[in-house]
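[1] Coordinates only, no sequence provided:
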């Protein structure tokens with residue numbers, strides 16, 4: 001068994017284990033979960049739905065800015081529909097939604113797979129930078145943390161901010177060669193090149209990431225309020241980046257169980273029991289799944305009728321024959 005096969009096998013085992021533990025824990029506290037869910041008011045559910053929709057809008061804008069900067073002729077509505085379809089299909093194994101989005105962008109907008117990966121890497125860099133910045137700013141205002149733990153966390157967040165900040169300002173290591181390896185490398189560096197050459201994109205990206213943190217914090221605030229748990233503003237601001245970061249990881253289909261475990265564990269940092277944090281995230285999962293099903297199907301209908309999403313080439317998962325995005329042209 002090769003290294004790639006062993007890694008895939010290990011990843012699948014971890015994914016299944018996380019979902020089994022999630023199902024077991026939720027079943028164990030099913031009565032409390034059901035009671036809290038039925039106790040929630042209409043405005044609380046609507047608040048969660050609005051936060052989910054706004055989060056999708058912000059996420060769509062993030063990718064849209066990079067794609068348009070790379071020269072893709074794609075607009076907000078199409079990109080948003082693609083995001084919704086991707087979110088829906090990501091509840092299937094093997095990151096089906098992400099693969100579908102990459103293949104669609106490759107065929108419809110000439111965005112190479114490697115260029116998409118590079119853009120994703122640049123977005124992760126922005127996310128990590130903002131996470132470190134917000135985390136370092138909030139830790140000193142959490143009196144519930146022991147001084148030694150607070151100091152270590154502050155240093156960790158400051159180090160993360162410094163490293164990511166340096167990575168964003170150093171020149172992109174592009175290779176001046178026409179070889180296949182050089183072309184692949186330059187495409188992987190596309191997102192980084194766009195960040196450095198486009199200050200407006202950099203500032204807009206940071207603003208959108210911070211907006212994501214704010215929306216996530218509001219979602220958590222509403223979820224905790226359903227359980228009648230009061231959380232300080234500083235704690236919510238700290239949890240926002242941590243939970244947003246986990247949402248990108250996509251360890252299990254739809255990150256089912258991962259978000260709940262992370263919220264439960266992170267709740268301990270703000271003097272909230274793991275049990276309460278887990279239930280809050282599980283309650284928040286209800287409108288997320290419902291919205292993903294409804295809006296995902298609407299997005300699928302739009303792309304199928306307007307953009308030929310059901311075309312055989314979209315679902316072939318084969319290497320297309322069209323020209324890929326030129327790295328040199330994209331970074332001009």
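    Cool, got the structure. Note that this is a predicted model, so its numbers are computed, not measured.

[2] C-alpha from now on. contacts and neighbour counts both.
    OK.

[3] can you pull out the helices in the stretch 1-150 of the chain?
    Counting by DSSP state H, counting those that start in this stretch, residue ranges of the helices within the stretch 1-150 of the chain are 3-28, 30-39, 42-69, 76-89, 96-109, 113-138, 147-169.

[4] What of the stretch 151-300 of the chain?
    According to DSSP H, counting those that start in this stretch, the stretch 151-300 of the chain carries its helices in the segments 180-188, 190-197, 199-226, 233-249, 258-267, 274-306.

[5] Out of the ones you listed, which is closest to residue 69?
    Residue 69 sits nearest to helix 190-197 of all the helices of the stretch 151-300 of the chain, at 7.1 Å, using Cα to Cα.

[6] sorry, back to before: just send the helices of the stretch 1-150 of the chain back as CSV, with mean pLDDT too.
    Shown next, in CSV, are the helices of the stretch 1-150 of the chain (pLDDT from 0 to 100):
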stretch, mean pLDDT
helix 3-28, 75
helix 30-39, 86
helix 42-69, 94
helix 76-89, 92
helix 96-109, 87
helix 113-138, 89
helix 147-169, 86
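
[7] so which of those helices comes closest to residue 279?
    helix 30-39 (6.5 Å).

[8] quick one on the thing from earlier: which among the helices of the stretch 1-150 of the chain is found nearest to residue 227?
    With distances scored as Cα to Cα, the stretch of the helices of the stretch 1-150 of the chain nearest to residue 227 is helix 30-39 (6.2 Å).

[9] Enumerate every residue touching the residue lying closest to residue 72 once chain neighbours are set aside.
    Leaving out its chain neighbours, the residue that sits closest to residue 72 by Cα to Cα, 6 or more residues apart in numbering is residue 109, at 5.7 Å. The neighbours of residue 109, taking Cα atoms under 8 Å, 6 or more residues apart in numbering as the test, are 72-74.

[10] As TSV, the residues you listed with distance to residue 138, neighbour count and pLDDT would be great.
    Formatted as TSV, the entries for these read as follows, by distance: Cα to Cα, whole Å; neighbours: other Cα atoms under 10 Å; pLDDT from 0 to 100:
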residue	distance to residue 138	neighbour count	pLDDT
72	38	18	88
73	40	12	89
74	38	15	90
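
[11] To residue 274, which of the helices of the stretch 1-150 of the chain lies closest?
    Short answer: helix 3-28, nearest of these by Cα to Cα, at 11.4 Å.

[12] Report all helices and strands that that closest one contacts.
    Applying 3 or more Cα pairs under 8 Å, 6 or more residues apart in numbering; DSSP states H and E, one finds that helix 3-28 contacts helix 258-267.

[13] returning to what we had before: please produce JSON lines containing the contacts of residue 109, extended by distance to residue 271.
    Below are the contacts of residue 109 laid out as JSON lines (distance: Cα to Cα, whole Å):
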{"residue": "72", "distance to residue 271": "47"}
{"residue": "73", "distance to residue 271": "48"}
{"residue": "74", "distance to residue 271": "45"}
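
[14] need the helices of the stretch 1-150 of the chain in TSV with distance to residue 300, can you?
    Formatted as TSV, the helices of the stretch 1-150 of the chain follow (distance: least, Cα to Cα, whole Å):
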stretch	distance to residue 300
helix 3-28	27
helix 30-39	29
helix 42-69	15
helix 76-89	6
helix 96-109	11
helix 113-138	21
helix 147-169	35
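
[15] Can you say which of those is nearest to residue 188?
    Put simply, out of the helices of the stretch 1-150 of the chain the one that sits nearest residue 188 is helix 113-138, at 4.2 Å, with distance taken as Cα to Cα.

[16] Looking at the helices of the stretch 151-300 of the chain, which is nearest to residue 48?
    Shortest separation from residue 48 across these is recorded for helix 199-226, at 5.8 Å, computed as Cα to Cα.

[17] got the angle for that closest one vs helix 113-138?
    Between helix 199-226 and helix 113-138, the angle formed by their directions is 60 degrees, by axes from the mean of the first three to the mean of the last three Cα atoms, to 10 degrees.

[18] so how far is residue 71 from residue 109?
    9 Å (Cα to Cα, to the nearest Å).

[19] swap that for residue 236, please
    The spacing between residue 236 and residue 71, counted by Cα to Cα, is 37 Å.

[20] Next: residue 278.
    Separation of residue 278 from residue 71 (Cα to Cα) stands at 42 Å.

[21] Which one's more surrounded, the two?
    Counted by other Cα atoms under 10 Å, residue 278 and residue 71 do not tie: residue 278 has more neighbours, with 25 against 17.
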